[in-house]
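Enquirer: just need the structure, nothing else, for what follows:
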Amino acid sequence: MTGEREYKLWLLLGDTIFRNYYKKCVSSLNLNGSEHVMDFGCGPGLVSQYFAENLKQGHLTCVDVSESAIKLARNKLKNYANIDFFPGDILNARFTKNSYDVIFLNFVYYHINNSNRIEIMKKLVELLHKDGRLIIRNAVSEHSGITAELIKKELAQTGLQEIHNKMTRSLFIVPTYCGIFSKA
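Expert: Residues are numbered from 1 along each chain as shown. As a prediction, the model looks like this:
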């Protein structure tokens, strides 16, 4: 887990160096503004801000296991009325099934413990509308053990099918897998 000090550093970097990257990331999803979106692993709200700006008639749920992250996200996003926050383990959450159009994981997948990653992803699948999309952006490398093939394989076990993918380099450096999944 990351502490409040590290999250504050990410806020500084996110509001300066990474701002255009996060903004472009959300705009590439072509939201119509009325969706219900979950930012799973929202951290201090860097990407969440751009979701909130784009969801004029929609709603955003920010989820993170870190109380520090949620505290900073609440503060960062205090001027938006269309957001709720959930600090804690998604497996203990009582969200309504089939209630999200988009569930977004930005550089979060590799932070989810291997021992319960499939269980957590199955919980997220339950929360998606039948036509909903789960979107993953994650650094990948043979060295880290997280590869695009592993992500696809694990998500297939949850009842998701990949409908689109793209390999990019985040900030022109980090090999990044971007996958869009729907219920099979």
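
Enquirer: quick check: most distant residue from the centroid of this protein.
Expert: His143 (22.9 Å; Cα atoms, centre = their mean).

Enquirer: specify the local secondary structure of it.
Expert: coil (DSSP: H, G, I helix; E, B strand; the rest coil).

Enquirer: quick check, pLDDT for it.
Expert: Reported pLDDT at His143 in the predicted model: 75.

Enquirer: phi, psi for it please.
Expert: phi -60, psi -40 (degrees, to the nearest 10).

Enquirer: okay, and the residue nearest the centre of the chain sits in which element?
Expert: For the chain, the residue nearest the mean C-alpha position is Leu105 (2.2 Å; Cα atoms, centre = their mean). Taking DSSP states H and E as the criterion, Leu105 maps to strand 100-106.

Enquirer: partners of that strand, with directions?
Expert: strand 36-40 (parallel), strand 128-139 (parallel) (DSSP bridges).

Enquirer: just the mean pLDDT for the longest one, thanks.
Expert: Per-residue confidence for strand 128-139 averages out to 95 on the pLDDT scale.

Enquirer: re earlier: please report how far the residue nearest to the centre of the chain lies from Asn79.
Expert: 25 Å (Cβ to Cβ, to the nearest Å). (Each C-beta comes from the backbone N, C-alpha and C, glycine too.)

Enquirer: and Phe95, by the same measure?
Expert: Going from Phe95 to Asn79 by Cβ to Cβ gives 24 Å.

Enquirer: those two: who's more crowded?
Expert: Phe95 (15 against 8; other Cβ atoms under 10 Å).

Enquirer: list the contacts for the nearest residue to the more buried one once chain neighbours are set aside?
Expert: Excluding its sequence neighbours, the residue lying closest to Phe95 (Cβ to Cβ, 6 or more residues apart in numbering) is Leu127, at 5.4 Å. When contacts are counted by Cβ atoms under 8 Å, 6 or more residues apart in numbering, Leu127 touches 38, 95-100, 103.

Enquirer: mind running it again at 10 Å?
Expert: With contact taken as Cβ atoms under 10 Å, 6 or more residues apart in numbering, Leu127 is in contact with 36, 38, 40, 61, 90, 93, 95-100, 103, 134.

Enquirer: again with Ala73
Expert: 7, 11, 39, 42-46, 48-49, 62-64, 66, 83, 85, 87.
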